[in-house]
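[1] Need a 3D model of the sequence below.
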Amino acid sequence: MPTMEQVREALRANARGDRGTTGAETFHKKWPSASRPVLCSCSDGKQWVIKGFQNQRTLVAENVVGRLGQLLGAAVGEVGFVNIPEELRAIEGQLGDVQAGIGHATAYADAYSDRQGIAHFDVAENRERFAKLMVLYSWAVSGDGQCIYSNSAPHLVLSVDHGHFFPGSTGWSLATLQAGQPVALDPLFNQCNFTGAELAVARDAIGAISEDDISLVVQGPPAEWGISGAERDALRQFLSSRRQGLLGALPI
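    Next up, the predicted model:
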């Protein structure tokens, strides 16, 4: 897991347009969900799960929530940008519905389960992970929480697929961001029965994130993904306001 300063260094680079984009080279797999994610080996030597350019605005949520999760030290995957070249789309029947261009990418988590609900929350190694995920989900307003778990004990949780976050889900807009939504802890995690001490650790994590951090995060997604300057500003204000609300809702 990267340090806070490493994440901030990546945010600063992304905000100035240096996204460290790698290129998809070898197709391995495609999942049947609506966003058509694909697994590819890339020019940086890594395997990435890529959501193609055709997803546009949901990619903004994927990137922003992933970066916020990294700042929190939450259990989210490594975030990146991958270019799917037109040549790779020539694989008939596999990438024909995946648009070429820069997509959102998450480092492939090998030896993890398929999507599950909240599980293994009584495992000591998962307690802080779940508490920070609850803060992330509450902060960015999750519309579809998805967790996977390492196949071997202690079955560590990892949150994936954040395209349904923000008010309005995949239809989020300037209007839905500005409409406001009451700040509340996401009930998906009620069964975890966090202690005050566990919640305090999660509160400290969001408390360590600055206004500058939030501004850098919302500058990260490329304009080609369909986010305007006004929407970036509304998203910044939305996240800033909810961060303050959560600091008041969590125990010190």
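
[2] Helices along this structure, start to end?
    Applying DSSP state H to the chain gives helices spanning 4-15, 57-72, 124-140, 174-179, 196-207, 211-219, 229-249.

[3] Can you say which of these is packed in most?
    Of all those, helix 57-72 has the most neighbours on average by mean count of other Cβ atoms under 10 Å, namely a mean of 25. All C-beta atoms are positioned from the backbone trio N, CA, C, and that covers glycine.

[4] before we move on, the earlier item: could I get the helices of the chain as JSON lines with mean pLDDT and distance to Ser152?
    Shown next, in JSON lines, are the helices of the chain (pLDDT from 0 to 100; distance: least, Cβ to Cβ, whole Å):
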{"stretch": "helix 4-15", "mean pLDDT": "93", "distance to Ser152": "27"}
{"stretch": "helix 57-72", "mean pLDDT": "96", "distance to Ser152": "23"}
{"stretch": "helix 124-140", "mean pLDDT": "98", "distance to Ser152": "12"}
{"stretch": "helix 174-179", "mean pLDDT": "94", "distance to Ser152": "40"}
{"stretch": "helix 196-207", "mean pLDDT": "96", "distance to Ser152": "24"}
{"stretch": "helix 211-219", "mean pLDDT": "97", "distance to Ser152": "33"}
{"stretch": "helix 229-249", "mean pLDDT": "97", "distance to Ser152": "33"}
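
[5] Which of these sits closest to Arg36?
    helix 57-72 (11.3 Å; Cβ to Cβ).

[6] Which strands and helices lie in contact with that closest one?
    Counting contacts by 3 or more Cβ pairs under 8 Å, 6 or more residues apart in numbering; DSSP states H and E, helix 57-72 is packed against helix 4-15, strand 47-51, strand 79-84, strand 101-107, helix 124-140, helix 196-207, helix 211-219, helix 229-249.

[7] try 7 Å
    Under the contact criterion of 3 or more Cβ pairs under 7 Å, 6 or more residues apart in numbering; DSSP states H and E, helix 57-72 touches helix 4-15, strand 79-84, strand 101-107, helix 124-140, helix 211-219.

[8] Let me have those in JSON lines, adding distance to Lys29 as columns.
    Formatted as JSON lines, those follow (distance: least, Cβ to Cβ, whole Å):
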{"stretch": "helix 4-15", "distance to Lys29": "26"}
{"stretch": "strand 79-84", "distance to Lys29": "14"}
{"stretch": "strand 101-107", "distance to Lys29": "14"}
{"stretch": "helix 124-140", "distance to Lys29": "26"}
{"stretch": "helix 211-219", "distance to Lys29": "29"}
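
[9] what's the residue nearest the centre of the chain in contact with, if anything?
    Nearest to the geometric centre of the chain sits Gly66, at 2.6 Å (Cα atoms, centre = their mean). Neighbour list for Gly66: Val76, Gly77, Val79, Thr106, His162 [criterion: Cβ atoms under 7 Å, 6 or more residues apart in numbering].

[10] Let's see if you can find the most crowded of the residues you listed.
    Tallying neighbours with other Cβ atoms under 10 Å puts His162 at the head of those, with 29 neighbours.

[11] so how far is Gly66 from it?
    6 Å (Cβ to Cβ, to the nearest Å).

[12] Please apply the same query to Ser240.
    Ser240 is 18 Å from Gly66, by Cβ to Cβ.

[13] Could you do Lys51 as well?
    Counting by Cβ to Cβ - Lys51 and Gly66 are separated by 11 Å.

[14] same deal with Asp161?
    10 Å.

[15] and if you look at Gly103?
    Gly103 is 13 Å from Gly66, by Cβ to Cβ.

[16] just Ala234 next, same as before
    Counting by Cβ to Cβ, the gap from Ala234 to Gly66 is 20 Å.
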